[in-house]
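**Student:** Give me a 3D structure for the following:
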Amino acid sequence: MKILILCSDNSCLSQMAQGWLQSFDKSLTVCSAGISPAIEVHPLAVQTLASSGIDISHHKPEAVEEYIDEPWDYVITVSRNAEENSPAFTGKVRNLIHSNFYNPARAKGTPESIANEFRRISNQIKMKMYDLYCDEIQNGGYGPTCTCGANRFCRCN
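**Tutor:** From the prediction side, this is the model:
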């Protein structure tokens with residue numbers, strides 16, 4: 001299964017989402033890219049995931065244009081900018097999902113408060129990616145597992 005995660009600059013949100021999603025299933029092909037890629041992955045994104053045992057230190061920001069001709073099972077945007085400015089994909093995209101997370105790279109304050117913001121957003125991304133993995137990706141990308149829409153929280157049975 002091929003999954004592409006997009007954000008504005010591929011330095012923080014999409015990198016963390018890629019790290020989390022890949023950690024749930026090593027057999028997935030998970031890539032990330034940005035509308036206008038940064039020069040490097042944000043050091044606090046690397047540090048935050050490292051504290052959870054996920055190594056993204058070797059990741060480099062990539063441009064979305066490098067991926068638009070490829071087929072994808074999922075394209076996931078994790079910022080409003082990526083949702084609004086994503087180019088048209090010429091390769092087939094089976095599922096397009098939009099999420100919007102606050103970018104902790106914009107946080108102001110003490111180093112400790114900024115690190116806390118990175119952890120908070122990382123946990124939000126982790127939960128969203130885990131729900132998506134359990135509800136859709138794990139069953140082959142064929143959508144929700146229950147028609148009620150509650151998916152893994154379903155109490156229908």
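**Student:** quick one: contacts of the top helix by length along the chain?
**Tutor:** With secondary structure taken from DSSP state H, the chain has its longest helix at helix 111-135. Around helix 111-135, the neighbours that count as contacts under Cβ atoms under 8 Å, 6 or more residues apart in numbering are 13, 16-17, 20-21, 24-25, 44-45, 47-49, 51-52, 76, 78, 97, 99, 101-104, 107-109, 144-145, 151-152. Heads up, the C-betas are built off the backbone N, CA and C, glycines and all.
**Student:** Next up, identify which helix or strand the residue nearest the centre of the chain is on.
**Tutor:** Of all residues in the chain, the one closest to the mean position by Cα atoms, centre = their mean is Ala17, 3.0 Å from it. Assessed by DSSP states H and E, Ala17 sits inside helix 13-24.
**Student:** can you state the direction angle for that helix and helix 111-135?
**Tutor:** Angle of helix 13-24 versus helix 111-135, following axes from the mean of the first three to the mean of the last three Cα atoms, to 10 degrees, is 50 degrees.
**Student:** Derive a PyMOL selection command for the buried subset of the contacts of helix 111-135.
**Tutor:** In PyMOL syntax, the buried subset of the contacts of helix 111-135 is picked out as below (16 or more other Cβ atoms under 10 Å):
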select buried, resi 13+16+17+20+21+24+44+45+48+49+76+78+99+101+103+104+107+151
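**Student:** what stretches of this structure score poorly on pLDDT?
**Tutor:** Within the chain, the ranges that satisfy pLDDT under 70 run 141-157.
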